[in-house]
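Peer 1: can you look at this prediction? I've put the sequence above it.
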Amino acid sequence: MAKYSRVSESVGLITLQNPPVNALSAAVRQGIVDTVERALSDPKVKSVVICGQNGIFCGGADIKEFGTNMSGPLLVPMIHAIEAANKPVVAAIEGSALGGGLELALGCHYRIAHSKARLGLPEVTLGLLPAAGGTQRLPRLIGVPAALDLITTGKPLDARRISTYPCPRPSDLDALFEGVMEKVRQSARGAIAPVACVQAVRAAATQPYTQGMEREKELMATLFTSGQARALQYCFFAQRAVSRWSMPNGARWDTSKPRPVHKAAVIGLGTMGRGITVALAQTGLSVIAVETQEKQLMDAKQAVSGMLERGARRRGVAPALDKISYSHDIQAVADVDLVIEAVFEDMGLKKKVFQQLASICRPGTFLCTNTSALDVDHLASQTHNPELVVGMHFFAPAHVMKLLEVVYGPRSSPQAVATAMQLGKKMGKVSVAVGNCPGFVGNRMLKPYMEQAFFLLEEGATPELVDRALEEFGFPMGVFRMSDLSGLDVGWRVRKGDGLAEPGAPSGQPARIRQGRRYSPLGDLLCEQGRFGQKTGQGWYQYNKPGSQVARSDPWLHSFLEGYRAQHGLVARRIDNQEVLDRCLYALINEGFRILEDGIAAGPEDIDMIYVFGYGWPRHRGGPMFYASMVGLGKVLERLEHYHQAHPDVPYLKPCSLLWRLVASGSPPLHKWREVIRKLHSQL
Ligand SMILES: CC/C=C/CC(=O)SCCNC(=O)CCNC(=O)[C@H](O)C(C)(C)COP(=O)(O)OP(=O)(O)OC[C@H]1O[C@@H](n2cnc3c(N)ncnc32)[C@H](O)[C@@H]1OP(=O)(O)O
């Protein structure tokens, strides 16, 4: 809706009214058309001001309308009519003016913005482009380079005084567009909207306005119906939906009250502990950082200060150095509100820390563990108050990565979960509440994905082939480059703990069967040679020196694979990209369905946001479960069955019962899966 009033006798004031962000729904667009017409036909009105209610100009088109039969006036003619008005129209911008909201402002003759206003064209993040004249008017207003930056990244900027703008004067348009196109293609990793944005702005720079508008419309028509736009718009809502968490016992976000956290402690200052300390201090909390080894404590202090200083420089603020006090004595945590344990991933050590915390901390202190896979409930049982224990699983580097898995055990209280979720939000994380099981959601699904990658090497693939297929799909790094980055020894330690990795495996089939199922010892064999990845300069690839990040193909690895296949009587065959994607992704997705079946994740959105924000799943593909729904559940099931028949000793390829059930009930759209899951649970 849009409210009309006349102020100071001669000013027609149009106020957009559609809480919470004044999105341009059909009713709002109709309201604008009607009120503009009214102002223009009123002889007493000499000028018109458009603003938004409740401190926000406009959050853009109503994204909820996208999948529907959109009715009401169209944005383009509405904005044209405003631009063509014979009375001056001013956009008075407070808060956000985004997407269609900014395009509306661009159609006005003047724009006045509050110094704290945020202006942006985020359409590209939804798989679209600003097709209400945004790609045509903005370059004309602020120049091609600045417009390209805003339109292709979707990042908003603060209102600025015009005198601070650089004067846009590109000398060689062709070179400029070629350069930008190359950069955009690289960072887009297969997303089509950023590329279309460049093409639309190129039309603005090289063609008359009307032809530019035609090109903008044409490009938008392609994007609007694309699967990528659907995926990105799904992510927009899923990111918000995961904050409305629920637990199988009925506890929910809206009935569980978090407790405020002012002072926190981090135990263990390795890589994860340092990142968590930085993230907490940057949020404004007082932090006690504990490391019992003196040398490690000194190193950590220096590293944390450096990270805080660099971060503060980037954001133009003072570093939060004074928020942290360091101690080598765990007794220093006695009066904090919440503790995050981040010691070495070893159950014995973690148990000891939890026993100590239980006797040191004041009653009511929340005790959290940053374990990435261990049993949170077992740690809770070391304390007097297991209801105060939850997992807070951060991702490295913890002050940068957006994902936080909040892991509740069977005894975690709703208040503990609510407190961890709220703290995550304060830290700027996308927090997802998940149940307790080995690996939780993210790492549990990674296991079958990595297992398939190892098997593919045994059958004839190379790390380069597997990685290329996954990177072309949109992952920033394939599985082997990622494994080299995070360290092969991490998985080796876990496999040893699980009784899987044994040194000096014999040759032949028995060497590749462990605990009754197919097993690939390839990763273990590399570790036995001291090839831990980037940190040792050798892993699945080779590096110039330890710590280097530039992976190069390694002839040693290729002949090692040949020798391994010969030793075990395996004949290499040709493997194509499709098989790599099918086997790695469908095995991972199948585990996602098992996680839903087990009630470890409340819905597919939780799994998808974990993969998008923590594991580099390409956002324009919406997350693994959304991807499965786009591919078609029937096809996923058929492919899994096919591969399981070929590899009956690989249980991860056996389609799970929820997938069968969903296909049997007609492959309902993803937002209906919860109903099927509820029915399944009620029958168990
Ligand atoms: C015809 C095609 C035309 C396309 C042109 C476009 O305009 S595309 C849309 C471009 N606009 C955006 O992408 C803006 C998206 N919104 C935001 O970035 C933020 O919401 C905000 C406006 C900066 C406000 O942020 P804040 O943190 O204050 O609130 P939330 O993000 O939590 O949002 C509050 C609720 O409002 C819903 N919502 C926000 N924007 C839209 C929108 N454009 N359409 C529909 N709904 C929107 C959001 O989902 C939240 O709802 P919940 O029910 O609470 O989840």
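Peer 2: Thanks, I have it.

Peer 1: quick check, the residue in the stretch 151-300 of the chain closest to the ligand?
Peer 2: Arg240 (3.6 Å; CB to the nearest ligand atom). Placement of C-beta: from N, CA and C, glycine included.

Peer 1: list the buried ones in the helix or strand where that residue lies?
Peer 2: For Arg240, the host element (DSSP states H and E) is helix 227-241. Buried positions in helix 227-241, judged by neighbour count with 16 or more other CB atoms under 10 Å: Gly227, Gln228, Ala229, Arg230, Ala231, Leu232, Gln233, Tyr234, Cys235, Ala238, Gln239, Ala241.

Peer 1: mind listing what the fourth one touches?
Peer 2: Right, Arg230. Gly67, Gly127, Gly622, Met630 (CB atoms under 8 Å, 6 or more residues apart in numbering).

Peer 1: quick one: Val390 and Asp377 touch, right?
Peer 2: No - using CB atoms under 8 Å, Val390 is not in contact with Asp377, being 10.4 Å away.

Peer 1: those two - which one has more neighbours?
Peer 2: Shown here are Val390 and Asp377; by other CB atoms under 10 Å, Val390 has more neighbours (28 against 18).

Peer 1: phi, psi for that one please.
Peer 2: phi -140, psi 160 (degrees, to the nearest 10).

Peer 1: likewise for the one 3 residues further on?
Peer 2: Here the main-chain torsion angles of His393 (degrees, to the nearest 10) amount to phi -90, psi 100.

Peer 1: who does it bridge with?
Peer 2: In this structure, His393 bridges to Glu405 when assessed by DSSP bridges.

Peer 1: can you count the residues close to it?
Peer 2: By other CB under 10 Å, 28 other residues sit near His393.

Peer 1: how long is stretch 424-432 end to end?
Peer 2: End-to-end distance for stretch 424-432, by CA to CA, to the nearest Å: 9 Å.

Peer 1: give me the pLDDT for the residue of the stretch 151-300 of the chain closest to the ligand.
Peer 2: Per-residue pLDDT puts Arg240 at 97.

Peer 1: that one and Gly270, how far apart?
Peer 2: Distance, Arg240 to Gly270, using CB to CB, to the nearest Å: 33 Å.

Peer 1: same question for Asp606.
Peer 2: Relative to Gly270, Asp606 is positioned 28 Å away (CB to CB).

Peer 1: so which of those two has more stuff around it?
Peer 2: Counting neighbours by other CB under 10 Å for Asp606 and for Gly270 shows that Asp606 has the greater number, 26 against 14.

Peer 1: so what's that one up against?
Peer 2: Val242, Val432, Ala433, Val434, Val441.

Peer 1: can you classify it by secondary structure?
Peer 2: Here Asp606 is helix, with the state taken from DSSP: H, G, I helix; E, B strand; the rest coil.

Peer 1: equivalent analysis for Lys350, please.
Peer 2: When states are read from three-state DSSP, the local structure at Lys350 comes out as helix.

Peer 1: renumber starting at 37 from here on
Peer 2: With the count now opening at 37, the last piece we talked about shows up as Lys386.

Peer 1: okay, now it: neighbour count?
Peer 2: Using other CB under 10 Å, Lys386 is surrounded by 24 other residues.

Peer 1: ok, Asp194 next?
Peer 2: Neighbour count of Asp194, defined by other CB under 10 Å: 12.

Peer 1: pretty sure it contacts His150?
Peer 2: No - using CB under 8 Å, Asp194 is not in contact with His150; the gap is 9.9 Å.

Peer 1: overlap in contacts of Val426 and Asp413?
Peer 2: Gly445.

Peer 1: where's the nearest residue to Pro474 once chain neighbours are set aside relative to Lys331, distance?
Peer 2: Residue nearest to Pro474 in three dimensions, not counting chain neighbours: Ala409, with 5.7 Å by CB to CB, 6 or more residues apart in numbering. Look at Ala409 and Lys331: by CB to CB, they are 28 Å apart.

Peer 1: neighbour-wise, which of these two wins?
Peer 2: Counted by other CB under 10 Å, Ala409 and Lys331 do not tie: Ala409 has more neighbours, with 18 against 8.

Peer 1: all helices of the stretch 537-686 of the chain, in order?
Peer 2: 558-564, 591-603, 613-633, 640-650, 660-667, 669-682 (DSSP state H, counting those that start in this stretch).

Peer 1: the ligand is nearest to which of those?
Peer 2: Closest of the helices of the stretch 537-686 of the chain to the ligand is helix 640-650, at 11.4 Å (criterion: CB to the nearest ligand atom).

Peer 1: close to the ligand, is the closest one?
Peer 2: No - against the ligand, helix 640-650 shows no contacts by CB under 6 Å from any ligand atom, the least distance being 11.4 Å.

Peer 1: in that helix, what's buried?
Peer 2: Across helix 640-650, burial judged by 16+ other CB under 10 Å covers Pro640, Glu641, Asp642, Ile643, Asp644, Met645, Ile646, Tyr647, Val648, Phe649, Gly650.

Peer 1: tell me what angle that helix forms with helix 660-667.
Peer 2: Interaxial angle, helix 640-650 versus helix 660-667 (axes from the mean of the first three to the mean of the last three CA atoms, to 10 degrees): 110 degrees.

Peer 1: coming back round to it: now the angle from the helix holding Arg276 to helix 640-650?
Peer 2: Interaxial angle, helix 263-277 versus helix 640-650 (the same axes, to 10 degrees): 100 degrees.

Peer 1: the next helix or strand after helix 263-277: partners in the sheet, and parallel or antiparallel?
Peer 2: Downstream of helix 263-277, the next assigned helix or strand under DSSP H and E is strand 299-303. Next to strand 299-303 in the sheet, as set by DSSP bridges, lie strand 322-326 (parallel), strand 374-377 (parallel).

Peer 1: for the helix or strand following strand 299-303, give me every contacting residue.
Peer 2: Using DSSP H and E, the helix or strand that follows strand 299-303 in sequence is helix 307-318. Outside helix 307-318, the residues that touch it by CB under 8 Å, 6+ apart are 300, 302-303, 305, 323, 325, 327, 336, 339-340, 343-344, 347, 356-357, 359-360, 376, 378-379, 406, 430, 432-436, 463, 465.

Peer 1: check stretch 653-669 too.
Peer 2: So stretch 653-669 is contacted by 163, 225-229, 263-264, 266-268, 270-271, 274, 481, 509-511, 621, 624-625, 628-629, 632, 640-641, 643-645, 647-648, 672, 695, 698-699, 703, 705-706, 709 (CB under 8 Å, 6+ apart).
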